[in-house]
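1. what shape does this take:
(one chain, ligands or ions: 2)
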Amino acid sequence: MDALLQPVSTLSGIGPQSTIRFEKLGVHCIKDLLFHLPHRYQDRTRIYPINSLLPGMSVLFCGTVEFTEVLMKGRRSLLCRLSDSTGYISLKFFHFTAKQKADLSPGTLVSCFGEIRYGYQGKEIAHPEYKIITSTDNITEPCLTPIYPLTEGLHQGTVRKAITQALTLYFQAPEQLADWLPSPLLKQYNYPTLKHALQALHQPEQQSTEQLQQGNLIALKRLAFEELLAHHLILLKNKQSVKKWLAPVLTTTKAKSQSFLNALPFQLTKAQNRVIEEIIHDCQSHHPMLRLVQGDVGSGKTVVAAYAALLALSSHYQVAIMAPTELLADQHNRNFNQWFKHHDTQIVYLTGQLKGKLRKQALAAIEDGTAGIIIGTHALFQESVNFHQLGLIIIDEQHRFGVHQRLALREKGQTKDSRPHQLVMTATPIPRTLAMLQYSDLDISIIDELPPGRKPVTTCVIPAERREQIIEKINNWTNNKNQTYWVCTLIEESEVLQCEAAENTAEYLTQALPNVRVALVHGRMKAIEKDAIMQGFKNHDYDLLVATTVIEVGVDVPNASLMIIENPERLGLSQLHQLRGRVGRGDQESYCLLMYQTPLSNMSKQRLSILRESNDGFIIAEKDLELRGPGDVMGTRQTGLMQFKIANLERDITLLDQVQDAANLISSQYPHSIQPLIDRWLGQTTLYSEV
Ligand code: ADP
Ligand code: MG
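-> Ligands and ions are numbered 1, 2, ... in the order given. Just a heads-up that it's a prediction; the model follows:
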């Protein structure tokens with residue numbers, strides 16, 4: 001048997017306990033050890049002068065003991081002051097022995113390694129690794145020291161020893177480990193071979209110290225690239241395996257299409273028509289469509305979805321439309337009822353609110369097929385819902401749903417060998433690069449055009465000190481018969497606080513503006529109440545709507561042309577852009593006032609000014625990515641799906657273009673590399689497997 005395929009327990013010094021601990025890290029055989037890569041390095045290659053030490057640095061330094069004393073104040077501790085010719089630092093020990101105290105007597109030369117922080121007495125270091133030395137010669141290491149990810153009970157030393165043995169076995173016969181990156185690709189990017197790359201990371205060379213610290217060592221890049229490639233490939237593979245399923249052919253007739261389009265109160269934009277063509281094409285095939293429609297707020301995604309629904313209805317299949325909130329589902333319900341009023345199909349609106357007899361009736365209509373269009377929230381994928389013949393699933397604002405919810409609904413419509421088509425829509429543009437790691441299992445359509453006549457919203461960034469002035473502006477606005485939104489934002493986690501803030505603001509504004517009819521809507525109100533308020537605002541029964549971020553996906557009110565957003569610095573740019581999209585829907589000039597709390601950090605200032613300068617959701621998303629990094633932009637929900645061993649999106653984002661090209665090359669010319677690359681980097685992980 002291949003030496004590298006032997007279990008780690010065959011290495012010396014790895015007993016049953018360590019074997020179990022290695023298993024927890026996904027390390028089973030010796031080969032896995034080679035891919036258990038250091039997540040960082042310690043620099044013991046040089047001695048730092050004490051005055052150059054900064055908090056957060058983990059470094060090696062030397063000094064002579066000035067004094068050592070036991071402190072009795074607070075928790076009993078040992079304090080030892082070390083100094084070199086440049087300055088001094090305190091070593092602090094909370095657990096110590098009398099011998100330790102005696103050893104650290106004045107005049108003793110000590111070398112120390114650990115993380116520097118600031119304490120009451122200036123620079124200090126708690127429980128450092130230290131050694132009494134006689135001279136500073138030979139105390140540095142020639143190279144950076146790799147630090148490996150550990151699990152409880154497994155020590156750095158054990159991992160290091162195991163990896164050293166693994167490397168030795170590997171170097172004896174490097175051909176045991178295939179390099180799945182084709183050599184033309186390595187040449188093209190000047191990447192080192194696998195062997196070279198692994199060695200460079202596990203046993204870094206002296207001359208690579210700086211590059212490794214900066215994260216731009218070519219060996220590191222190569223492995224990060226390979227890992228990102230594996231992640232991209234598994235999504236492509238998933239897509240292919242979904243496409244192998246059968247799906248109903250959904251088509252409509254010219255006459256039906258014409259009558260649908262003629263009944264609309266507007267003409268479709270070029271972009272809408274293009275995306276509809278793409279959907280028509282997908283649905284004609286015998287295999288499931290998997291399409292993501294990205295389009296800025298107000299770009300008119302709903303009517304595109306409705307056209308897709310027409311395809312399903314014309315072919316006697318049901319269509320399910322899932323929205324993340326009741327408000328949004330309700331809006332779809334109204335739109336679809338309007339657009340499909342001449343069709344002899346029943347539209348069922350199913351939310352958690354629907355109870356008793358009405359619910360029973362709705363479920364029966366879904367099950368016997370009387371209902372052609374089923375609109376709802378996540379209530380749609382509850383167990384009690386059985387579809388008669390589901391041909392198309394439409395998911396709106398998909399970023400708000402977890403992957404699991406999407407899958408649960410898809411399973412609903414699954415028969416022995418056939419699956420429904422799937423259309424997902426999002427107004428949160430995903431920067432192209434990230435889309436590759438997140439949505440490569442979907443085909444992407446972009447509605448990159450707004451319906452004609454929309455005026456860009458003028459956005460101003462204003463300090464909260466000017467609140468009174470802004471309130472006065474609402475008065476003028478109301479006198480001119482225009483309506484206003486006032487959005488209270490707080491940290492999203494605390495909905496209760498957010499609602500309280502909105503309640504207080506509404507009360508305050510009611511008093512401050514006696515001639516203005518103020519309404520309040522927030523997430524803790526009942527759906528019927530919210531609905532009534534939103535409807536009232538739409539009918540202009542109110543002039544000012546105080547709201548929490550629930551209106552992000554709220555009802556269309558063209559007469560509302562002023563929006564004030566409190567504490568905009570707390571929200572992501574894309575979310576702010578979504579909120580802002582509620583105004584600018586009519587034909588008058590619209591304004592969005594971002595009222596921030598002072599002082600505002602430079603970074604926040606920069607971020608908010610992006611909104612002032614651009615009305616394009618894609619540009620905003622790209623900038624947000626630049627400023628905040630992928631983690632924040634994608635949100636924890638999404639990044640949680642992507643655990644990398646070595647790739648780091650903040651650092652390696654520029655590799656993604658290469659990844660795309662490489663995936664094309666490998667798919668067309670080296671398909672046998674695909675599975676091994678996936679296995680190597682994703683192992684047994686099932687996170688992505690949708691099939
Ligand atoms: P979103 O893409 O944000 O979901 P909607 O589908 O809600 O946008 O559309 C926003 C508004 O624009 C709706 O009132 C819709 O009826 C209208 N609309 C959609 N397409 C067009 C068009 N081609 N011309 C004019 N208005 C349109
Ligand atoms: Mg929408």
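2. would you mind pulling the contact partners of stretch 595-608?
-> 461-467, 470, 564-569, 573, 594, 623-624, 627-628 (C-beta atoms under 8 Å, 6 or more residues apart in numbering). For glycine as for every other residue, the C-beta is placed from the backbone atoms N, C-alpha and C.
3. check which residues of that stretch are buried.
-> 595-596, 600, 604, 607-608 (16 or more other C-beta atoms under 10 Å).
4. show me where the stretch 451-600 of the chain has strands.
-> For the stretch 451-600 of the chain, applying DSSP state E, counting those that start in this stretch gives strands covering 458-463, 483-487, 518-521, 544-547, 560-566, 591-596.
5. most tightly surrounded among those strands?
-> strand 544-547 (a mean of 28; mean count of other C-beta atoms under 10 Å).
6. packing partners for it?
-> Secondary-structure packing of strand 544-547 (3 or more C-beta pairs under 8 Å, 6 or more residues apart in numbering; DSSP states H and E): strand 483-487, helix 495-512, strand 518-521.
7. same thing but 10 Å
-> helix 467-479, strand 483-487, helix 495-512, strand 518-521, helix 527-538, strand 560-566 (3 or more C-beta pairs under 10 Å, 6 or more residues apart in numbering; DSSP states H and E).
8. columns distance to residue 90 and mean pLDDT on top of those, output as JSON lines?
-> Shown next, in JSON lines, are those (distance: least, C-beta to C-beta, whole Å; pLDDT from 0 to 100):
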{"stretch": "helix 467-479", "distance to residue 90": "48", "mean pLDDT": "93"}
{"stretch": "strand 483-487", "distance to residue 90": "50", "mean pLDDT": "95"}
{"stretch": "helix 495-512", "distance to residue 90": "42", "mean pLDDT": "86"}
{"stretch": "strand 518-521", "distance to residue 90": "56", "mean pLDDT": "94"}
{"stretch": "helix 527-538", "distance to residue 90": "59", "mean pLDDT": "85"}
{"stretch": "strand 560-566", "distance to residue 90": "45", "mean pLDDT": "94"}
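9. of all these, which one is nearest residue 438?
-> Closest to residue 438 of the helices and strands packed on strand 544-547 is helix 495-512 (C-beta to C-beta; 26.5 Å).
10. quick one on the thing from earlier: can you redo the strands of the stretch 451-600 of the chain as JSON lines with distance to residue 381?
-> Converted to JSON lines, the strands of the stretch 451-600 of the chain look like this (distance: least, C-beta to C-beta, whole Å):
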{"stretch": "strand 458-463", "distance to residue 381": "38"}
{"stretch": "strand 483-487", "distance to residue 381": "31"}
{"stretch": "strand 518-521", "distance to residue 381": "27"}
{"stretch": "strand 544-547", "distance to residue 381": "28"}
{"stretch": "strand 560-566", "distance to residue 381": "33"}
{"stretch": "strand 591-596", "distance to residue 381": "36"}
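11. scan the protein for its longest helix.
-> Counting by DSSP state H, the longest helix found in the chain is helix 218-243.
12. next SSE downstream of the longest strand belonging to the chain?
-> Longest strand of the chain, by residue count under DSSP state E: strand 58-71. Using DSSP states H and E, the next helix or strand after strand 58-71 towards the C-terminus is strand 77-83.
13. rewinding a little: run the angle between the longest strand of the chain and strand 77-83 for me.
-> Counting by axes from the mean of the first three to the mean of the last three C-alpha atoms, to 10 degrees, strand 58-71 lies at 130 degrees to strand 77-83.
14. which elements pack onto strand 58-71?
-> Against strand 58-71 (3+ C-beta pairs under 10 Å, 6+ apart) you get strand 40-42, strand 77-83, strand 88-93, helix 98-103, strand 109-115, strand 122-126, strand 129-133.
15. now it: buried residues?
-> Within strand 58-71, the residues that qualify as buried by neighbour count (16+ other C-beta under 10 Å) are 58-63, 65, 68.
16. just the residues you listed now: which is nearest ligand 1?
-> Nearest to ligand 1 among the buried residues of strand 58-71 is residue 58, at 48.7 Å by C-beta to the nearest ligand atom.
17. point out where the stretch 501-650 of the chain drops to low pLDDT.
-> For the stretch 501-650 of the chain, the stretches with pLDDT under 70 are 552-555, 629-643.
18. now it against ligand 1: closest residue?
-> For the stretch 501-650 of the chain, C-beta to the nearest ligand atom, closest residue to ligand 1: residue 556, 4.5 Å.
19. give me the nearest residue to that residue, chain neighbours excluded.
-> In this structure, residue 556 finds its nearest non-sequential neighbour in residue 585, 6.0 Å apart by C-beta to C-beta, 6 or more residues apart in numbering.
20. I'd like to know which residues of the stretch 251-400 of the chain are adjacent to ligand 1.
-> For the stretch 251-400 of the chain, the contact set with ligand 1 under C-beta under 6 Å from any ligand atom comprises 266-269, 272, 295, 297-303.
21. out of the helices and strands packed on strand 58-71, which gets nearest to residue 427?
-> strand 40-42 (38.1 Å).
22. just to revisit the earlier point, neighbours around the residue nearest to residue 556, how many?
-> When neighbours are defined as other C-beta atoms under 10 Å, residue 585 has 19 of them.
23. now residue 556
-> 15.
24. quick check: it touching residue 451?
-> No: the criterion here is C-beta atoms under 10 Å, and residue 556 misses it with residue 451 at 11.8 Å.
25. what's the overlap in contacts for those two?
-> By the contact definition C-beta atoms under 10 Å, 6 or more residues apart in numbering, residue 556 and residue 451 are jointly contacted by 298, 585.
26. what residue in the stretch 101-250 of the chain comes nearest to ligand 1?
-> For the stretch 101-250 of the chain, C-beta to the nearest ligand atom, closest residue to ligand 1: residue 250, 20.8 Å.
27. would you mind splitting the protein into its domains for me?
-> 3-41+145-214, 46-133, 254-447, 458-614 (automatic domain parsing).
28. per-residue pLDDT of the closest residue to ligand 1 within the stretch 1-150 of the chain, please?
-> Here the residue of the stretch 1-150 of the chain nearest ligand 1 is residue 39; by C-beta to the nearest ligand atom that distance is 41.2 Å. Listed pLDDT for residue 39 reads 87.
29. ok, it to residue 561 distance?
-> 51 Å (C-beta to C-beta, to the nearest Å).
30. can you check residue 159 too?
-> Between residue 159 and residue 561 the computed distance is 62 Å (C-beta to C-beta).
31. next: residue 242.
-> From residue 242 over to residue 561 (counting by C-beta to C-beta), the distance is 44 Å.
32. what of residue 152?
-> Taking C-beta to C-beta, one finds residue 152 at 58 Å from residue 561.
33. can you check residue 95 too?
-> 66 Å.
34. next, the buried residues of stretch 328-348.
-> Within stretch 328-348, the residues that qualify as buried are 328-333, 335-336, 339-340, 343, 345, 347-348, counting by 16+ other C-beta under 10 Å.
35. determine how far that stretch lies from the middle of the whole chain.
-> Computed by C-alpha atoms, centre = their mean, to the nearest Å, the chain-centroid distance of stretch 328-348 equals 33 Å.
36. can you give me the mean pLDDT across it?
-> Mean predicted confidence for stretch 328-348 is 91.
37. and the end-to-end length of it?
-> 15 Å (C-alpha to C-alpha, to the nearest Å).
38. same check, this time on stretch 174-191
-> 17 Å.
39. show me how far that stretch is from its chain's centre.
-> Offset of stretch 174-191 from its chain centre (C-alpha atoms, centre = their mean): 31 Å.
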